[in-house]
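[1] Everything below, folded, please.
(one chain, ligands or ions: 3)
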Amino acid sequence: MSVPQPRLLEQIAGIIGPQHLLTAGAELEPFLTDHRELYHGRAFAVAQPGTADQVAQLLALCNAHRIGVVPQGGNTGYCGGATPDDSGAQLLISLARLNRIRAIDALNYSLIAEAGCVLADVQRAAAEAQRFFPLSLGSEGSCQIGGNLATNAGGVHVLRYGMMRDLVLGLEVALADGRLLSSLTRLRKDNTGYDIKSLFLGAEGTLGIITAASLKLFPSIRAAATAFAAVRDPRAAVELLSRVREASGDRVSSFELIPRLAVELTARHIPGVRDPLDGVHAWYVLCELTSARAADTLDAMLAECFEQALEDGLLEDAVLARSERERSALWRLRETIPEAQRRDGASLKHDISVPVGAIPEFIERAGRWVHDNVPDGRLIAYGHAGDGNLHFNINQAPGADRAAFLTRSETVKRAIHDLVREFDGSISAEHGIGQLKVLELERYAPPVELELMRAVKRALDPNGILNPGKVLRPLQPEAQERSS
Ligand code: FAD
Ligand code: 2HG
Ligand code: ZN
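    Ligands and ions are numbered 1, 2, ... in the order given. From the prediction side, this is the model:
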């Protein structure tokens with residue numbers, strides 16, 4: 001830091017107002033640990049700007065003094081991307097005060113939201129305008145649009161509507177040097193040169209700080225059919241997905257795979273959750289069809305498809321939600337799996353994807369490896385099967401020693417990720433890289449892709465002030481790197 005701290009703090013306070021600058025230890029604490037409690041960092045202050053211009057001015061100041069900044073949204077990320085390092089030399093910038101919906105254009109099916117808007121508030125604003133914003137995650141009550149954009153979040157509607165990246169029309173971004181990129185276009189067609197906005201999506205705050213976004217909306221959902229079904233095995237689940245897609249004219253919006261253990265853990269640890277089916281089954285799916293047409297008979301469509309699947313031996317049992325209450329009970333089971341896992345003990349998590357059709361073989365081979373090599377762990381492979389995305393998690397078995405179990409994490413990760421590579425899959429399907437997977441990215445990304453990522457980082461953040469050490473290791477000065 002090339003400027004004495006008191007002077008710097010004065011300058012920051014001058015930009016955002018002293019009441020929005022936190023410096024006392026206790027005030028900072030909630031910002032310094034990630035949601036999973038994997039990381040704890042330090043920061044010399046937390047700045048809470050209230051406008052995009054203030055964010056840009058903060059960056060100009062930090063760039064001039066070579067001060068690292070860490071953007072933070074709802075702090076629900078899974079990879080430690082929003083947690084500062086332990087130097088105490090970084091400034092954490094919380095986007096929470098940038099929380100206005102700036103505009104809704106119902107005819108254009110779009111809205112403009114500031115980065116600090118909570119996802120659930122954006123969904124609500126869309127609904128009030130008789131429109132639908134489809135991004136949906138278990139953390140939607142606290143994660144923010146800026147965090148969703150910066151991690152390119154996925155969730156339970158990707159199969160139908162795509163990831164966050166697919167829902168963006170334009171962005172406003174504060175750049176490292178203090179310029180504000182103002183590209184909040186509402187256009188659906190615009191082929192004027194490089195798609196610059198896409199650089200910031202999934203960049204986890206390493207290329208710029210997103211201050212607002214122009215987002216796509218869709219027709220409101222007016223009919224839904226939700227079923228919880230016991231399937232013979234993951235192969236049957238994948239076959240069922242393809243049948244339901246065909247039979248429903250592609251109205252499947254969610255298709256989540258759930259193993260028996262996840263049902264048991266949620267029923268045990270989460271108040272109000274119960275097993276929706278009689279009998280014990282090894283695998284289940286939560287399948288939802290939706291339509292914008294109130295007259296669509298989705299229940300009948302799903303029931304017919306399931307009857308055939310029962311006859312063909314793909315399904316063992318199924319229940320259809322008959323009311324909104326039953327529907328949310330099924331979703332509660334699914335959405336509380338991470339919490340149930342946490343309450344049950346330590347877990348080793350792998351957010352992986354493979355082509356949808358390869359899911360059964362992946363589970364078979366990786367599951368066999370876990371069975372043979374992790375005697376103190378229990379596999380809970382679940383998640384967004386419709387997108388080929390599994391949360392291939394392993395929980396500590398009852399009675400197992402937590403510390404001893406956790407020492408396995410490197411070996412297990414290597415085996416799972418090597419297998420993912422064999423399947424042409426991804427070692428981070430939807431949670432990003434953060435600080436958790438920097439070395440994994442280096443290991444598995446194609447070398448040319450890594451070179452291009454470093455070149456982009458250098459071009460947009462030559463002084464390396466933006467979220468240093470996240471996604472990529474801090475870059476060496478160019479000349480040094482070439483000669484090394
Ligand atoms: P943070 O955690 O605050 O930040 C995440 C990253 O984005 C950090 O690198 C941070 O520096 C950067 N960042 C934040 N705001 C900005 C900004 N304005 N500009 C630039 N960079 C910024 N994720 C999924 O993809 N799918 C799921 O289904 C899913 N389910 C979840 C369920 C639960 C119960 C929980 C706790 C988390 C879940 N997540 C899921 C992970 C998490 O909610 C998402 O990654 C979410 O998008 C993070 O948003 P956030 O606002 O909390 O971001
Ligand atoms: C989900 O789909 C989240 O519930 C969390 O992405 C996954 O905890 C996990 O592994
Ligand atoms: Zn997920």
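[2] Assign a three-state SS to the residue in the stretch 151-300 of the chain positioned nearest to ligand 1, would you?
    Residue of the stretch 151-300 of the chain nearest ligand 1, by CB to the nearest ligand atom: residue 205 (2.9 Å). Using the backbone N, CA and C atoms, a C-beta is placed for each residue, glycine as well. Secondary structure, DSSP: H, G, I helix; E, B strand; the rest coil: residue 205 is coil.
[3] residues touching the residue nearest the centre of the chain, list them.
    The centroid of the chain falls nearest to residue 153 when counting by CA atoms, centre = their mean (3.6 Å). Applying CB atoms under 8 Å, 6 or more residues apart in numbering to residue 153 gives the contacts 135, 137, 143, 147, 163-164, 430.
[4] Just those residues: which are in helices?
    Judged by DSSP state H, helices contain the following of the contacts of residue 153: residue 147.
[5] ok, and of the contacts of residue 153, which contact ligand 1?
    Restricting the contacts of residue 153 to those within reach of ligand 1 (CB under 6 Å from any ligand atom) leaves 137, 143, 147, 430.
[6] quick revisit: does the residue of the stretch 151-300 of the chain closest to ligand 1 touch residue 149 like I think?
    No - the pair residue 205 / residue 149 is not scored as a contact, 9.9 Å apart, by CB atoms under 8 Å.
[7] Show me what from the protein comes close to ligand 1.
    Residues of the chain lying close to ligand 1 by CB under 6 Å from any ligand atom are 35, 70-78, 81-82, 95, 115, 137-139, 143-144, 146-148, 150-151, 153-155, 204-205, 209-210, 338, 430-431, 434, 467, 470.
[8] before we move on, the earlier item: give me the element the residue nearest to the centre of the chain is part of.
    Applying DSSP states H and E as the criterion places residue 153 outside every helix and strand.
[9] cool, residue 256 as well?
    strand 252-259.
[10] Check whether the very next helix or strand once past that strand comes near ligand 2.
    Counting by DSSP H and E, the element after strand 252-259 in chain order, helix or strand, is helix 260-269. No - using CB under 6 Å from any ligand atom, helix 260-269 stays clear of ligand 2, coming no nearer than 10.1 Å.
[11] Check which residues of helix 260-269 are buried.
    Applying a neighbour-count criterion of 16 or more other CB atoms under 10 Å, one finds 261-263, 265-266, 269 buried in helix 260-269.
[12] What helices and strands are in contact with it?
    Helices and strands touching helix 260-269, by 3 or more CB pairs under 8 Å, 6 or more residues apart in numbering; DSSP states H and E, are strand 283-291, helix 324-335, helix 337-344, strand 377-382.
[13] How far off centre is the first one?
    Mean C-alpha position of strand 283-291 versus that of the full chain (CA atoms, centre = their mean, to the nearest Å) differs by 20 Å.
[14] Tell me the helix or strand right after it.
    Sequence order places helix 298-311 as the next helix or strand after strand 283-291, per DSSP H and E.
[15] contacts for that following helix?
    Helix 298-311 is contacted by residues 223-225, 227, 229, 236, 240, 243-244, 247-248, 251, 287, 289-291, 315-316, 318, 320 when judged by CB under 8 Å, 6+ apart.
[16] Which positions in that helix come out as buried?
    For helix 298-311, by 16+ other CB under 10 Å, it's 298-299, 301-302, 305-306, 309.
[17] what does stretch 380-400 give?
    Neighbour counts over stretch 380-400 (16+ other CB under 10 Å) mark 380-396, 400 as buried.
[18] Does residue 225 belong to a helix, a strand or coil?
    Using three-state DSSP, the structure places residue 225 in strand.
[19] Show me the beta-bridge partners of it.
    residue 289 (DSSP bridges).
[20] dump the residue contacts of residue 27.
    Residue 27 touches residue 46, counting by CB under 8 Å, 6+ apart.
[21] Show the residue spans covered by the strands in the stretch 51-200 of the chain.
    69-72, 91-94, 101-105, 110-114, 131-132, 168-174, 180-183 (DSSP state E, counting those that start in this stretch).
[22] Residue 282: which of those is closest?
    Residue 282 lies closest to strand 131-132 among the strands of the stretch 51-200 of the chain, at 34.6 Å (CB to CB).
[23] average pLDDT across the closest one?
    In this model, strand 131-132 has a mean pLDDT of 98.
[24] Please list only the buried members of the contacts of residue 153.
    Neighbour counting over the contacts of residue 153 (16+ other CB under 10 Å) leaves 135, 137, 143, 147, 163-164, 430 as the buried ones.
[25] Among the residues of the chain next to ligand 1, the buried ones, what's the ChimeraX command?
    Burial among those is assessed by 16+ other CB under 10 Å; the matching ChimeraX selection reads:
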select :35,70,71,72,73,74,75,76,77,78,81,82,95,115,137,138,139,143,144,146,147,148,150,151,153,154,155,204,205,209,210,338,430,431,434,467,470
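[26] Low-confidence stretches in the stretch 51-200 of the chain?
    Across the stretch 51-200 of the chain, nothing is flagged by pLDDT under 70.
[27] Which residues are in contact with the residue of it found nearest ligand 2?
    Residue of the stretch 51-200 of the chain nearest ligand 2, by CB to the nearest ligand atom: residue 138 (4.8 Å). Each residue near residue 138 by CB under 8 Å, 6+ apart is listed here: 155, 335-336, 338.
[28] Now the two most distant members of the residues you listed.
    155 and 336 (14.8 Å).
[29] Not counting sequence-adjacent ones, nearest residue to residue 347?
    Leaving out its chain neighbours, the residue that sits closest to residue 347 by CB to CB, 6 or more residues apart in numbering is residue 395, at 4.6 Å.
[30] which residues sit against stretch 453-461?
    Outside stretch 453-461, the residues that touch it by CB under 8 Å, 6+ apart are 175-176, 199, 206-208, 445, 464, 466, 471-472, 475, 478.
[31] Which two among these are spaced furthest apart?
    The span of the contacts of stretch 453-461, defined through CB to CB, is set by 175 and 445 at 24.5 Å.
[32] Compare neighbour counts for those two and give me the winner.
    residue 175 (19 against 16; other CB atoms under 10 Å).
[33] Hmm, the more buried one is touching residue 181, no?
    Yes - with contacts counted by CB under 8 Å, residue 175 reaches residue 181, the gap being 5.9 Å.
[34] Mind listing the shared neighbours of those two?
    Contact with both residue 175 and residue 181 is made by residues residue 208, according to CB under 8 Å, 6+ apart.
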